[in-house]
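K.L.:
quick check, what structure comes out for this input:
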Amino acid sequence: MANRYWVPGPTSGTGTYDDPDHWATSSGGVGGASAPTSADNVFFDANSFTAASQTVTLGSSNYCLDMTWTGVTNTPTLSWGSKNLNVYGSFTLSASMNVTVTSSSFLYLFATSTGKTITTAGKTLKYVLFGGIGGGWTLQDSLTCYYLLQ
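P.N.:
Numbering: from 1, shown residues only. You can find the predicted model right below:
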């Protein structure tokens, strides 16, 4: 298990989730770490975005253990596009961000142990699927989505 921090790539904080240029091993560090796997915690924080309205777009491989957007600045956007996000632990969004979802955007929650949390910070998700045998989540606020599957 490793920690991965989203950092501005060669040109800006905008990029694709699976692009190693945007992943560092420390907050504000140098990009070039491997893209996150299902065993890695990912963090988006005050060192992730250099200007207003920069976007993280899901790519072809979108995995993490825990995802945390706490402390982001410059109102970034997480854009699902038509891709899925696979989270194997806790999922925490921020009121200081935007979320863009489309008709085929799934959030898969695959924990296999209890004690995980979900914080949506008032953001609406499209499809949320709970999976993982033995997983257990506690909602920290309201979960608003179009379809909830288990």
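
K.L.:
show me what contacts the spatially most central residue of the chain?
P.N.:
Centroid check for the chain by Cα atoms, centre = their mean gives M67 as the closest residue, at 4.7 Å. Residues near M67 by Cβ atoms under 8 Å, 6 or more residues apart in numbering: 41-42, 85, 87, 89-92. Glycine gets a C-beta too; all of them are placed from N, C-alpha and C.

K.L.:
and the furthest pair within the residues you listed?
P.N.:
Largest separation among these by Cβ to Cβ: N41 and L85, giving 14.3 Å.

K.L.:
follow-up on the earlier one: quick one: which of the contacts of M67 is nearest L148?
P.N.:
L148 has its nearest neighbour among those in F91, at 13.9 Å by Cβ to Cβ.

K.L.:
how much space between the closest one and F49?
P.N.:
Separation of F91 from F49 (Cβ to Cβ, to the nearest Å): 19 Å.

K.L.:
you'd agree T119 is up against L143?
P.N.:
No. Counting by Cβ atoms under 8 Å, T119 stays clear of L143, with 9.4 Å between them.

K.L.:
name the element the closest residue to A35 other than its chain neighbours belongs to?
P.N.:
What sits nearest to A35 in space, not counting adjacent residues and going by Cβ to Cβ, 6 or more residues apart in numbering, is D18, at 4.5 Å. Using DSSP states H and E, D18 sits in no helix or strand.
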